[in-house]
Each structure stands twice: as structure tokens, then as C-alpha cells.
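Participant: The amino acid sequence is not available; the structure is as follows:
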């Protein structure tokens, strides 16, 4: 955009210089700036989003809106960037304005506006309002995978497992290798206690995004709930190992496997270069459970690690910042 502005300024300067040479000093010279190529700017914005340069994309959208304040494509793109950046109020205001004009917009633009409304409302946990918008989105354009994925999350929150599964399947029909959808589908299975199935789906998700810590944490959870404690701790870095051992031990404790839990808490303390309070507290807790003078209800509660807690990890973000061409 800086290059564009420099060129724009150079054109004005050259025009003014030529006018000064050819026109008497007392004549007024009007210099007409070149028209803004909105479609070119929108293409540049999409390229910037594809490259992860959201600030550059936002600047392009704003430049279009300076000249065409009601440009639907620029307003939609800016709203989606606000949503990706967590600016829900700004995003929803733009999405709502577009939804009000839906009858005058191309179906694809209207559908993405409804989708954006639904995603923003889901983020602020307005479930009923979110569902209305998301249903409008998929009715207008059934190929919006983000809307189907969001409906899956919504049904999970309501423990409507059959509807959640159907929504994730629709999303995967459209994006078969989406780590986002696979993770959320796997997490849905975890919530239902279907741990073996969850591990299978989360393994697929991890193949698509091998560096994603949230997917890996959810897979560790699925393995630990099956009693596969060793497998659940494999691959942990030296820094993460104390936390992973502690959290897998926490799952073992919840399963009633006190012997395994005690061993994992001891390993967590040994793996930590300094005092690791969560594992120390958990070790004391599990040992108290075997003391005849302490009832289980009187024992201090067990705790998971403060960061990336394995026992209560939320699903992956329902947005993956994919370029716009991949969002449909």
C-alpha cells in the first residue's frame, strides 16, 4: 500500500509541474486524481490475508471504504478481520449492517455476512441468536464450512451430540483435511466419553497440524482416559514434560487409578528442575486418599497445570484465518 501511495503522489506532482510550465501564473489549474481501483485493492487485500498480513489487508479495505463507504466486499472483509482479531463489537456491527441489506447483495456475500453474525454471537455465547444466523448462512450457501463447524460447536455446548456430529460431517465434506474441524469433532467425542474414537480423529487432526499444541493436548487427554499413560506422555519436550506428566496423572486419578497417578506425579516432580507445586499437591492428595484417618472428602482437591491444562482444554479456535478463497 505504501508503494501505491508513493506512485499516487508522484502522479499528482508530475501533473502539477507540467501545468505550471504550460499555464500562465494567474490561471487556476485543477488536477483530477486517478480513480481508485476498488477491485484491485480488494484483490490485494485477499492476497494479504492469504499471507497472514491482516494489518495490510485491513488497510486496503479501509482505503476502498474511504472512496466507497458502502462497498459490501470491503465491509465484509473488514468485519471478518475484526472477528479474527477478537474485536467482536466492531465485527458484529458490520455484519449486522450487511445482513440488513442481504436482499440487495449477491447470495455469497449475504451468506458470509450471516456466517459472520453467527460466529460473533457464538463467541459471546449468545447461542440462540448464533443459531438463527448460522442457519440463515447455510440455507443461503450450504457450502460454508465455517458455519457448519460453528453449528457443531453450538450443539456440543447444548450436549446435542447427534446434531453436532451431523454438523461436523457437513463441514468435513467441504474441508476433509481441516485440522480445525477434525479437532473439534474429536473434542466432541471426548465430551461424550468416546475416547478411542476421539483419539483416532485427533490423530488425523495432528497429521494436518503437527505443531498445534491444543490438538496434541486433546490427543493426550483421549489416550490418558483410555489408561494409555505412557503413550499420552510421549513426545513432550523437556520444558513441557513436568506439566504433561502431572496432567496425565490427574486423569489417572479421575479414573481411580491411584497407583499410576502417584507414579506420574513423582515423575513430574523429578522431571522439573525446580519445585513443581501442582504435582506436589497432587502427590499429597493421592497419598492422603490411602490414609485411614482422612476421608476422601477431606483430602485437598487435585489440580491440573496452569498452562495448557490437559484435563479441561477448550476446542481449537473456530476460525483458522484461511484466505477468503478457502472459506467457501
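Facilitator: Received it, and whenever you're ready, just let me know what you need. Because the structure is a prediction, the values reported are computed rather than measured.

Participant: Please count neighbours and contacts with C-alpha atoms only from this point.
Facilitator: Will do.

Participant: Can you give me the pLDDT of the nearest residue to residue 190 once chain neighbours are set aside?
Facilitator: Spatial nearest neighbour of residue 190, excluding adjacent residues (C-alpha to C-alpha, 6 or more residues apart in numbering): residue 198 at 5.7 Å. At residue 198, the model reports a pLDDT of 97.

Participant: Show me what counts as buried in the helix or strand where residue 198 lies.
Facilitator: Element membership of residue 198 [criterion: DSSP states H and E] is helix 195-208. Across helix 195-208, burial judged by 16 or more other C-alpha atoms under 10 Å covers 195, 196, 198, 199, 201, 202, 203, 204, 205, 206.

Participant: hang on, the first one packs against residue 218?
Facilitator: No. If you go by C-alpha atoms under 8 Å, residue 195 and residue 218 don't touch, sitting 10.4 Å apart.

Participant: returning to that earlier point: can you pull the contacts of the residue nearest to residue 190?
Facilitator: Going by C-alpha atoms under 8 Å, 6 or more residues apart in numbering, residue 198 touches 185, 186, 187, 188, 189, 190, 219, 222.

Participant: 6 Å instead, please
Facilitator: Contact analysis of residue 198 by C-alpha atoms under 6 Å, 6 or more residues apart in numbering lists 186, 189, 190.

Participant: Please flag which of the residues you listed sit within helices.
Facilitator: 186, 189, 190 (DSSP state H).

Participant: Look up how far residue 94 lies from the residue lying closest to the first one once chain neighbours are set aside.
Facilitator: Setting aside the residues directly before and after it, residue 186 is nearest to residue 198 in space (C-alpha to C-alpha, 6+ apart), at 4.5 Å. Using C-alpha to C-alpha, to the nearest Å, residue 198 is found at 37 Å from residue 94.

Participant: Run the chain-centre distance for stretch 274-281.
Facilitator: Remark: stretch 274-281 is offset 32 Å from the chain centroid, using C-alpha atoms, centre = their mean, to the nearest Å.

Participant: err, stretch 125-141, not the other one
Facilitator: Relative to its parent chain, stretch 125-141 has a centroid offset of 18 Å by C-alpha atoms, centre = their mean.

Participant: tell me the mean pLDDT for that stretch?
Facilitator: pLDDT averaged over stretch 125-141 gives 97.

Participant: Buried residues, it. List them.
Facilitator: Using 16+ other C-alpha under 10 Å as the test for burial, stretch 125-141 gives 127, 130, 131, 133, 134, 135, 136, 137, 138, 140, 141.

Participant: Equivalent analysis for stretch 45-62, please.
Facilitator: So for stretch 45-62, counting by 16+ other C-alpha under 10 Å, buried means 45-50, 54, 56-58, 60-62.

Participant: Repeat that for stretch 79-90.
Facilitator: 79, 80, 81, 82, 83, 84, 88, 90.

Participant: How much space separates the first one from residue 166?
Facilitator: The reference is to residue 79. 28 Å.

Participant: With the fourth one instead?
Facilitator: Plainly put, residue 82 is 29 Å away from residue 166 if you go by C-alpha to C-alpha.

Participant: Show the residue spans covered by the helices in the stretch 201-328 of the chain.
Facilitator: 213-225, 229-233, 241-254, 258-271, 277-288 (DSSP state H, counting those that start in this stretch).
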